[in-house]
Each structure stands twice: as C-alpha cells, then as structure tokens.
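A.B. asks: would you be able to build a 3D model of this:
(one chain, ligands or ions: 1)
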Amino acid sequence: MTKISKIMTGISIGLVLASPIAIADITLRNAITGETLDMSFAKKGGDTDAFKQFMKDGKNPYNDNKEIIEKGKSLYMTGCSGCHGHEAEGKLGPGLADDYWTYPRNSTDQGLFETLFGGANGMMGPQYVNFNTDEMLQIMSFLRSIYTGDKSKAEWLKQ
Ligand code: HEC
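C.D. replies: Numbers count the residues shown, from 1 in each chain. Now for the predicted structure:
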C-alpha cells in the first residue's frame, strides 16, 4: 500500500467510526438490565421533533406545556391509572407523583423514559406495546406536572 492510500484508508475508517458518534446523542438503557434499548420496537408515529430533541439531551421538551400535559393526562388515564392510580398515588404499581422511586433514575427524564419504554419488573411491562415514543413524553410531562415531592429531589429540573 502506498503512503497516500494508507492515509486514505485511515481517513475512511475514521469517518465510518466517527459518524455514529457525531449523531449519537443519549443512549437509552433498560432500567433493570442496563442493556441498550432496542428502539426498533417503537410504534410508528412517535419520531416527532420533540422526541428527536429528547434524544439529544435526555430532557423532555414537553415539561410545563399545558396543552401536552392535558393529552398526557388522558393517555395516562387509559394506559397507566389502572395500576398506578388516577392521581398516580399508587395501587398495584407504586406511586409516581412523590419523590420515592424504586429506581432512582426515574427522577431524571431519561430514566423515566427508559422505564416506560423498556419496562421494569413483573407487571410493569414495556409500554412500547401501547404508546409511541412521543406519547410517552406526553405522559411523562403529565406525571411531572402532578409531582408532590421535594423539589430538591426533582433531578429533571436540574438537568
Ligand atoms: C399492569 C399494571 C401496570 C401498568 C398498566 C403500568 N404499570 Fe408501571 N408499574 C407497575 C408495577 C407493578 C411496577 C413495579 C415494578 C418494579 O418495581 O420493577 C411499576 C413500576 C413503574 C415505574 C417505576 C416506579 C419507581 O418507583 O421507580 C414507573 C415510572 C411506571 N411504572 C410508570 C408507568 C406508566 C407511566 C404507565 C403507563 C404508560 C405504567 N407504568 C403502566 C404496574 C403497571
């Protein structure tokens, strides 16, 4: 190999290696196993601008958005309240509006999304079966809006 072709090969390998990193944002992991979540299970229609934004920094762009919170509330009532209670006070599953988390990462938006998408133990199955990723962000914004816990423990506000 000539010197120049070695350099060219080096550059192309470099580009191949660098390109996923350049667009890589956050890595989503299963709340229990820590394995990377397989986003190919995602339902259609969830890859919105808001979700793309979320994938960059792990912050939910829908937090504090009144209109979205209302939508999130109705999705929560359909898909979550049966197990977590109408005010997320806890029922079969734990309360989701206070500052106690079985999985402390749920006090960050990324952690909460990971639990929704990938599920946790037992009855808490992966929610990608019922909701697309944008809808999950909507539900999350509703849950943050009814938070009754200590503000200093609300990691999502500090991100
Ligand atoms: C069939 C019942 C069921 C449904 C439906 C359900 N969950 Fe759960 N959820 C549970 C149970 C049980 C747990 C406890 C699992 C564990 O500890 O690993 C749980 C755990 C969680 C946790 C972790 C809480 C913590 O303290 O760390 C979050 C967050 C959560 N659920 C959110 C939701 C949301 C949002 C929905 C609707 C999209 C939903 N769940 C739907 C039963 C359910």
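A.B. asks: which residue, other than its chain neighbours, is closest to Trp156?
C.D. replies: Asp109 (4.7 Å; Cβ to Cβ, 6 or more residues apart in numbering). The C-beta positions use only the backbone N, C-alpha and C, and glycine is treated the same way.
A.B. asks: need phi/psi at the one you found.
C.D. replies: Here is the backbone geometry of Asp109 (degrees, to the nearest 10): phi -60, psi -40.
A.B. asks: quick check: it vs Asn63, distance?
C.D. replies: 7 Å (Cβ to Cβ, to the nearest Å).
A.B. asks: got it, and Cys80?
C.D. replies: Distance from Cys80 to Asn63, by Cβ to Cβ: 18 Å.
A.B. asks: same check, this time on Pro104
C.D. replies: Distance of Pro104 to Asn63, given as Cβ to Cβ: 19 Å.
A.B. asks: more neighbours, those two?
C.D. replies: Asn63 (19 against 11; other Cβ atoms under 10 Å).
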